[in-house]
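Asks: Please find the sequence and the predicted model below.
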Amino acid sequence: MLLLVENLKGYGLLRINDTEKKYILRAVYEYKTKIEAIKTTENLIKGKINKKFKNFLKNSINTKERLLVSDIKLKNTINKKLGKNFCKFVAFENVFQRFKNYFEKKITPNKKNDTVAMASHFIYGKKVRFCGIKKDLTITYSIKILEETEKKINFYYLRLKEWYNWHFPELCDLNLDSLTFSRLICEFETRKKLKVTDITHILNKKDAFFIKKAAQTSIGCDFEKEDFENIVHLSHQIISIYEFKEIVRKYLKNKMYIVAPNLTTIVGDRIGAKLISYAKSIFDLAKYPSSTIQLFGAEKAMFKAKKNKTPTPKFGIIYNCSIVKKASSSKNKGKLSRMISAKIALAVRADTLKELKYGGILGIKNRHKIEKRLEQLESFNKKTKIPKVFLLR
């Protein structure tokens, strides 16, 4: 029984005696240069063999003896080049680790471990570079950040509204955005200062006039200086988070048009990014069929419907798409979602393979087809509206 053991310093063969339970070094080959060490280790990881390695095995192993290896790729390549049943695969990594430790002790150590450090940095550096090429990872991170920032803004806005409602309830009754509301508070702080301050650059003249009029006859109570300071600080925080959100949104839009232009033209940058993050990568999304893409995000509802024997859901994340929302009836929405999911599957595959020279040509064509289908469905619904007939007795 012979074991093949490799290391960044070299490779060798260990002979095992079953009776004595001992292992002895049969043959050893040490790397002469750093480049040789890097190239051979890279080849062994991939499951490839050099001429030197092949000759080393031929010269040091008899025909009757069997070789044990810890990698399947290596086993297949050795058997191809040196004959069938020459090598055998063993899946026990813990056993091989013990032999590797013994091999490290026996092999003559270098005075400086520059070869080991350099080889390890070079090999694993390549893997890191390959991960950096995957631009879809940045899309998954950015969409998660965007969702979290929106949740934060909504939470802070609700707390601010509740807090400021005691001082100026008339302002809180108006349907204002979180940004406009916080900007107004930063401008005038208290309702007494509204007479002096100008708000026309934030709101319309009509709304500004109404707020100033409401401030004169307000029911709200007064706060202390410390309370107002905290309220203003919270509003400043909302504005800063909103600005950060806009930066992330622009970044995501640009990134989506670079990575998946066909997908963005059909569904949009936001929903496209959600689909990629749900599938964990654009390569995994391309492997899914259209039926599974249609029900992304609605798995719980589907299993619940199957359990209770009720009608299954027709859409998941795709429901938030602008084309699906345009459809009036739920039947049309289901038909459109089926068509959109099929077009998404085609678009994603085109983006991953990058067969098309120009960005989103396929996406634009499919988008026009979906819009035409929507018009057909809506026109058909208008024609088939049955008038109510009152029967006379």
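Replies: That came through, no problem.
Asks: Would you mind measuring from E162 to P169?
Replies: Taking CB to CB, to the nearest Å as the measure, E162 falls 11 Å from P169. (Each C-beta comes from the backbone N, C-alpha and C, glycine too.)
Asks: Please identify which of those two sits among more neighbours.
Replies: Neighbours were counted for E162 and for P169 using other CB atoms under 10 Å; P169 has more, 14 against 10.
Asks: measure the more buried one to F155 for me?
Replies: Distance of P169 to F155, computed by CB to CB: 21 Å.
Asks: Show me the strands in the stretch 1-150 of the chain, by range?
Replies: 2-6, 10-17, 22-30, 67-69, 87-89 (DSSP state E, counting those that start in this stretch).
Asks: same for the first one, what does it pack against?
Replies: Contact partners of strand 2-6 among helices and strands, from 3 or more CB pairs under 8 Å, 6 or more residues apart in numbering; DSSP states H and E: strand 10-17, strand 67-69, helix 93-106.
Asks: Tabulate these in TSV, adding columns for distance to R249, mean neighbour count and mean pLDDT.
Replies: What follows is the helices and strands packed on strand 2-6, written out as TSV (distance: least, CB to CB, whole Å; neighbours: other CB atoms under 10 Å; pLDDT from 0 to 100):
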stretch	distance to R249	mean neighbour count	mean pLDDT
strand 10-17	53	18	78
strand 67-69	52	21	78
helix 93-106	46	13	69
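Asks: mind giving me CSV with those and columns for distance to T190?
Replies: Listed next are these as CSV, based on distance: least, CB to CB, whole Å:
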stretch, distance to T190
strand 10-17, 79
strand 67-69, 79
helix 93-106, 70
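Asks: I'd say E150 and E246 touch.
Replies: No: using CB atoms under 8 Å, E150 makes no contact with E246, being 11.4 Å away.
Asks: Compare neighbour counts for the two and give me the winner.
Replies: Neighbour tally, E150 and E246, criterion other CB under 10 Å: the higher count belongs to E150, 15 against 12.
Asks: Identify the residues contacting that one.
Replies: Taking CB atoms under 8 Å, 6 or more residues apart in numbering as the criterion, E150 is in contact with K245.
Asks: Which among the helices and strands packed on strand 2-6 is found nearest to M256?
Replies: M256 lies closest to helix 93-106 among the helices and strands packed on strand 2-6, at 41.2 Å (CB to CB).
Asks: how about low-confidence regions in the protein?
Replies: 17-22, 63, 84-86, 88-96, 106-134, 355-358, 382-393 (pLDDT under 70).
Asks: can I see the domain layout of it?
Replies: The record, using automatic domain parsing to delimit domains, assigns the chain the ranges 2-132, 138-250, 261-382.
Asks: tell me the most buried of those domains?
Replies: Of all the domains of the chain, domain 261-382 has the most neighbours on average by mean count of other CB atoms under 10 Å, namely a mean of 17.
Asks: How far away from the center of its chain is that one?
Replies: On the basis of CA atoms, centre = their mean, to the nearest Å, domain 261-382 sits 18 Å off its chain's mean C-alpha point.
Asks: Check stretch 138-151 too.
Replies: With CA atoms, centre = their mean, you get 10 Å for stretch 138-151.
Asks: could you dump the strands of the stretch 1-150 of the chain to a markdown table with distance to L336?
Replies: A markdown table is the format used below for the strands of the stretch 1-150 of the chain (distance: least, CB to CB, whole Å):
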| stretch | distance to L336 |
| --- | --- |
| strand 2-6 | 57 |
| strand 10-17 | 61 |
| strand 22-30 | 65 |
| strand 67-69 | 55 |
| strand 87-89 | 52 |
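Asks: To L179, which of those strands lies closest?
Replies: Closest approach to L179 among those is made by strand 2-6 (61.0 Å; CB to CB).
Asks: quick one: contacts of the closest one?
Replies: When contacts are defined by CB under 8 Å, 6+ apart, strand 2-6 is touched by residues 11-16, 23, 26, 41, 44, 61, 65-70, 74, 96, 99-100, 103.
Asks: and what of stretch 287-307?
Replies: Residues lying outside stretch 287-307 but in contact with it, judged by CB under 8 Å, 6+ apart, are 274-275, 278-279, 285, 310-318, 337-338, 340-342, 344-345.
Asks: ok, now stretch 310-329?
Replies: Stretch 310-329 is contacted by residues 267-268, 270-271, 274-275, 278, 293-299, 301-302, 304-306, 330, 333-334, 336-338, 340-341, 344, 370-371, 374, 377-378, 381 when judged by CB under 8 Å, 6+ apart.
Asks: For K51, find the nearest of the helices and strands packed on strand 2-6.
Replies: Minimum separation from K51 across the helices and strands packed on strand 2-6 (CB to CB) falls at strand 10-17, 14.2 Å.
Asks: in its sheet, what does that closest one sit against?
Replies: With DSSP bridges as the test, strand 10-17 is paired with strand 2-6 (antiparallel), strand 22-30 (antiparallel).
Asks: Just the residues contacting the longest one, thanks.
Replies: Right, strand 22-30. By CB under 8 Å, 6+ apart, the residues outside strand 22-30 that reach it are 2-3, 9-17, 52, 56, 59-60, 99, 102-103, 106-108.
Asks: Send me that strand as CSV with only the CA atoms.
Replies: Extracted in CSV, the C-alpha atoms of strand 22-30 (Å, rounded to 0.1, in the frame of the first residue of the first chain):
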residue,chain,number,x,y,z
LYS,A,22,4.2,1.9,10.5
TYR,A,23,4.8,4.1,7.5
ILE,A,24,8.1,4.7,5.7
LEU,A,25,9.1,7.2,3.0
ARG,A,26,9.6,5.3,-0.3
ALA,A,27,10.5,8.3,-2.5
VAL,A,28,10.6,12.1,-2.3
TYR,A,29,10.8,14.9,-4.8
GLU,A,30,11.6,18.5,-3.7
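Asks: how far out from the middle of the chain is that strand?
Replies: Remark: strand 22-30 is offset 47 Å from the chain centroid, using CA atoms, centre = their mean.
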